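[1] Kindly generate the corresponding structure for this input.
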Amino acid sequence: MDKKKLRSIERPEKKESYYELIKDINPVYIADAERRDEILIINFFRVTKKIEICPEFRTFIIKDDYITQDLTTEKTKWKTGTISYLCNGWSGYPRCWWSTTNVVIASGENVIKNSIAEFTGKTVKNDLALDIVAEYQESILKNRLKAKHKKETDVIDEQMSKFGKLPDDYQKFIEDELFADDNYIFYSRAKRKAYCSKCKNEIDIDEDGYLSDSNGIHNNGHKIKHNELAICPYCKTEESARSINMSRNPLTKIRWSVIVQKSNTDVLVRYFRHIKDFKEDYKNASYDTREEFRTVHTDEGSKDYEYGEYKRTGNRRWIYQRDGGYGGYWSPSELVLPRSITIYNKDLDNTLAGTCMKYSSIGQYLINISNSNTFKFAWIIDQYLNFYRKNKWIEQIVKCGFVKLAHELMNEYRLKNVITGGKTICQTLDIKKSDFKILRKQKNVCYRDIEIMRYYRQIHNKDISEKDFTEIRTVCGQTEQYKSYVKFMRFSTLYKLKKYFTKKTEDMMISDYFDYIKWLEELGYDMRNEFNLYPKDFMKAHDEKSGEYIARQNKLLKEKVIKFNAMLRKMKKEITDDSPLNIKMNSLFIRLPHNLNELSKEGEQLHHCVGTYKDKVIKGETTIFFIRQQEIPDKSYYTLEWKNDHVEQCRGYRNSDMTPEVREFVNLFSKKMIQYIHKDDMKHKKTG
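    A predicted model of the protein is given here:
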């Protein structure tokens with residue numbers, strides 16, 4: 001519709017005759033209608049509680065379209081709601097609460113009916129003009145929504161057209177491979193017959209209840225019994241025995257499969273849910289196969305689809321996979337989401353030849369990550385392809401045989417973004433060629449191996465030897481424990497250490513030993529003396545050195561506290577007149593602590609954690625100030641932390657936030673503090 005043309009139409013005005021209409025009844029709206037060329041105009045006037053009539057909105061209707069103008073504002077404002085929505089106070093439920101009884105048509109009722117009849121090309125049957133308008137607008141909304149939906153579904157259908165037929169042997173793959181282990185031996189003791197659903201052979205049962213093949217009795221150690229394992233004498237498979245006379249309702253198995261195909265350069269991943277059911281005929285199990293999920297991989301990205309209801313329209317078709325997936329509070333059954341997946345493709349790398357993923361090496365990755373083509377993580381193919389698209393270097397790692405390392409880099413959060421990639425594998429992993437040669441000889445290379453090599457070079461300033469690497473790799477237990485072994489190699493050999501550990505395993509923990517070595521080094525003992533490194537009575541030596549270390553730490557802390565308190569006293573003497581510590585406002589002032597212990601007292605009085613900031617204050621990482629009231633200067637009020645040229649936090653009793661007066665004072669202090677810190681810079685600028 002031409003909004004500029006509609007805007008130029010003069011606004012409606014109320015008529016005195018409208019007041020006559022509301023004498024006997026109490027309507028919410030009064031409406032009138034007129035026709036201008038091809039446009040039907042319906043004006044709505046609100047009747048207020050004070051019996052005032054004010055124009056509220058007007059609706060312009062043409063064939064297959066409408067729009068509404070808000071008349072309550074001078075500035076033109078457009079609305080798309082129907083009159084059943086706009087005239088309804090319960091706008092959340094327009095169709096449920098809509099009623100024409102609260103609207104009186106002052107004039108133009110036949111104009112409305114004739115116009116709608118003209119627009120629809122149908123005879124108007126409804127006697128209520130506004131209901132006719134409401135129905136017409138609803139039909140327009142449905143057509144708009146249908147067109148909007150079609151625009152989206154056309155894009156989906158274009159992508160779905162890339163998916164072709166399944167291979168001819170896919171059903172054979174389902175029966176022979178996917179459900180290979182989902183079989184039973186059905187039997188009837190009365191008929192002395194059994195049937196193996198795997199090899200499809202009839203089996204005799206002798207009078208004692210044992211299975212027998214055509215050559216005689218096959219004794220598997222026990223008689224056949226319902227729900228117990230039995231061995232088929234023909235295919236030698238161990239299967240669960242089920243009596244034919246028992247209910248077979250629960251005998252359904254659910255499996256999921258995935259097949260990877262291609263469409264030009266795009267990669268198509270298809271997920272199928274399969275159900276094998278013995279309920280109707282145990283000799284001929286039925287198979288139900290449904291494709292539930294699809295993914296299209298391109299050079300630019302990937303898009304996931306699922307088969308489901310489209311936007312609550314009742315239409316089941318391919319749709320975009322729901323945002324957020326199926327996690328959260330709902331854990332769906334295996335009928336909805338796969339728990340594990342079996343891959344149809346035997347040679348994925350060959351399948352992807354000529355596609356955007358031709359160099360991904362996903363086939364090599366999957367072969368080495370599992371001994372079979374079944375995976376517990378159902379979305380493993382999509383995960384790898386999406387990771388490869390953003391991190392091409394994963395191909396280098398997989399081709400070198402470091403599959404466990406590749407798996408770690410994709411799945412462990414701590415390793416996110418630790419590798420940026422390079423032209424060669426050594427550049428990618430940030431290792432030397434000598435390191436790479438060592439890694440190629442190892443099995444199950446992981447990221448900790450890379451960390452060992454890097455850390456060894458950092459500590460010893462040389463490349464690690466293959467012997468030392470193998471030793472450290474073997475003895476390391478916890479994730480970070482390799483650092484302790486590497487550091488220890490500055491003083492002795494791993495051979496001697498392992499020998500010592502072998503003797504002392506029952507008396508000591510390895511973590512306790514490395515704590516002991518750390519104390520020796522910090523206390524200044526001779527680290528080349530094996531008497532110190534390998535004490536005969538480890539626990540006695542451990543306790544002695546622990547006491548020495550604690551005493552030394554306490555002494556150092558005491559010295560730091562004395563120096564810090566002296567620095568505080570010096571700072572107070574050097575406070576100048578223009579110092580921020582001299583400002584007073586709202587009966588408040590600010591000061592430094594008298595000594596370090598005052599932080600603990602402040603925390604105790606205000607019930608917050610400033611007492612734990614002692615170490616940070618001593619190291620100069622932060623500064624603590626006390627805000628006091630002038631009337632009671634010795635009572636704790638607010639504590640302020642100044643860090644990196646700004647107020648980090650300011651807390652009162654039980655971590656309460658600042659009052660308006662305190663906030664105003666803190667803002668002034670912050671401003672003065674910045675000026676005071678940078679006053680020398682300002683002088684230099686003025687001089688320049």
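[2] pLDDT below threshold where in the stretch 551-688 of the chain?
    Along the stretch 551-688 of the chain, the parts satisfying pLDDT under 70 run over 679-688.
[3] now with 50?
    Under the criterion pLDDT under 50, the flagged ranges of the stretch 551-688 of the chain are 682-688.
[4] Same check on the chain?
    In the chain, residues with pLDDT under 50: 90-97, 682-688.
[5] again, only this time at 70
    Residue ranges of the chain with pLDDT under 70: 89-101, 126, 215-221, 323-330, 477-479, 505-508, 679-688.
[6] How about the contacts made by the closest residue to Glu522 other than its chain neighbours?
    Excluding its sequence neighbours, the residue lying closest to Glu522 (Cβ to Cβ, 6 or more residues apart in numbering) is Tyr549, at 6.8 Å. C-beta coordinates here come from the backbone N, C-alpha and C atoms, glycine included. Tyr549 is in contact with 519, 522-523, counting by Cβ atoms under 8 Å, 6 or more residues apart in numbering.
[7] Which of those residues has the largest number of neighbours?
    Tallying neighbours with other Cβ atoms under 10 Å puts Trp519 at the head of the contacts of Tyr549, with 21 neighbours.
[8] Quick check, that residue in contact with Glu548.
    Yes. Counting by Cβ atoms under 8 Å, Glu548 is a contact partner of Trp519 at 7.2 Å.
[9] helix or strand for the residue nearest to Glu522, which one?
    Secondary structure assignment for Tyr549, by DSSP states H and E: helix 538-573.
[10] and the next element down the chain from that helix?
    Note on helix 538-573: by DSSP H and E, the next helix or strand toward the C-terminus is strand 584-585.
[11] Not counting its own residues, what contacts that next one?
    When contacts are defined by Cβ under 8 Å, 6+ apart, strand 584-585 is touched by residues 630, 664-665, 668.
[12] Of the residues you listed, which belong to helices?
    Members of the contacts of strand 584-585 lying in helices (criterion: DSSP state H): 664-665, 668.
[13] Go through the residues you listed and say which is closest to Ala129.
    Nearest to Ala129 among the ones in helices among the contacts of strand 584-585: Glu664, at 63.3 Å, using Cβ to Cβ.
[14] and the closest one, how many residues sit next to it?
    Close neighbours of Glu664, defined as other Cβ under 10 Å, add up to 14.
[15] Let me see the contact set for it.
    585-586.
[16] quick one: the strands in the stretch 301-450 of the chain?
    For the stretch 301-450 of the chain, the strands defined by DSSP state E, counting those that start in this stretch occupy 302-309, 316-320, 341-343, 374-375.
[17] okay, those, which one's buried deepest?
    Comparing the strands of the stretch 301-450 of the chain by mean neighbour count (mean count of other Cβ atoms under 10 Å), strand 341-343 comes out on top with a mean of 20.
[18] Strand partners (parallel or antiparallel) of that strand?
    Sheet pairing of strand 341-343 (DSSP bridges) gives strand 252-263 (parallel), strand 374-375 (antiparallel).
[19] Following the chain past the first one, name the next helix or strand.
    Scanning forward in sequence from strand 252-263 by DSSP H and E, the next helix or strand is strand 266-277.
[20] Give the other helices and strands that that next one contacts.
    If you count contacts as 3 or more Cβ pairs under 8 Å, 6 or more residues apart in numbering; DSSP states H and E, strand 266-277 packs onto strand 252-263, strand 286-297, helix 380-390.
[21] thinking again about what came up before, distance to Lys200 added to the strands of the stretch 301-450 of the chain, as a markdown table?
    Shown next, in a markdown table, are the strands of the stretch 301-450 of the chain (distance: least, Cβ to Cβ, whole Å):
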| stretch | distance to Lys200 |
| --- | --- |
| strand 302-309 | 33 |
| strand 316-320 | 36 |
| strand 341-343 | 22 |
| strand 374-375 | 24 |
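[22] out of those strands, which comes closest to Thr622?
    Among these, strand 302-309 sits nearest to Thr622 (Cβ to Cβ), with 46.7 Å.
[23] okay, that closest one in PDB with CA atoms only?
    Only the C-alpha atoms of strand 302-309 are listed here, as PDB (Å, rounded to 0.1, in the frame of the first residue of the first chain):
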ATOM      1  CA  SER A 302      27.000 -26.100   7.900                       C
ATOM      2  CA  LYS A 303      23.200 -26.200   8.500                       C
ATOM      3  CA  ASP A 304      21.300 -28.800  10.500                       C
ATOM      4  CA  TYR A 305      17.800 -30.000   9.700                       C
ATOM      5  CA  GLU A 306      15.300 -32.400  11.300                       C
ATOM      6  CA  TYR A 307      12.100 -34.000  10.300                       C
ATOM      7  CA  GLY A 308       9.300 -32.400  12.400                       C
ATOM      8  CA  GLU A 309       6.300 -30.100  12.600                       C
END
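[24] in its sheet, what does that strand sit against?
    Strands that pair with strand 302-309, judged by DSSP bridges, come out as strand 286-297 (antiparallel), strand 316-320 (antiparallel).
[25] related to what we said a few turns ago, let me have the ones in helices among the contacts of strand 584-585 in CSV, adding distance to Glu334 as columns.
    What follows is the ones in helices among the contacts of strand 584-585, written out as CSV (distance: Cβ to Cβ, whole Å):
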residue, distance to Glu334
Glu664, 62
Phe665, 63
Leu668, 65
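[26] If you tally nearby residues, what's the number for Ile39?
    Neighbourhood size, Ile39 [other Cβ under 10 Å]: 17.
[27] Let me see the contact set for Ile259.
    So Ile259 contacts 166-167, 170, 269-270, 272, 343-345 (Cβ under 8 Å, 6+ apart).
[28] what do you get if the cut-off is 6 Å, keeping everything else the same?
    By Cβ atoms under 6 Å, 6 or more residues apart in numbering, the contact list for Ile259 reads 270, 344.
[29] Could you tell me the end-to-end distance of stretch 78-88?
    Taking Cα to Cα, to the nearest Å, the first and last residues of stretch 78-88 lie 18 Å apart.
[30] got the buried residues for it?
    Buried residues in stretch 78-88, counted by 16 or more other Cβ atoms under 10 Å: 81-88.
[31] Return the subset of those residues lying in helices.
    83-86.
[32] chain center to the helix holding Tyr549: distance?
    46 Å (Cα atoms, centre = their mean, to the nearest Å).
[33] One more: stretch 461-480?
    Distance, stretch centre to chain centre, for stretch 461-480: 35 Å (Cα atoms, centre = their mean).
[34] do the same with stretch 657-664
    Stretch 657-664 sits 38 Å away from the centroid of its parent chain (Cα atoms, centre = their mean).
[35] Phi, psi for the residue nearest to Val103 when sequence neighbours are not counted please.
    Residue nearest to Val103 in three dimensions, not counting chain neighbours: Tyr29, with 4.5 Å by Cβ to Cβ, 6+ apart. The phi/psi pair for Tyr29 (degrees, to the nearest 10) reads phi -130, psi 150.
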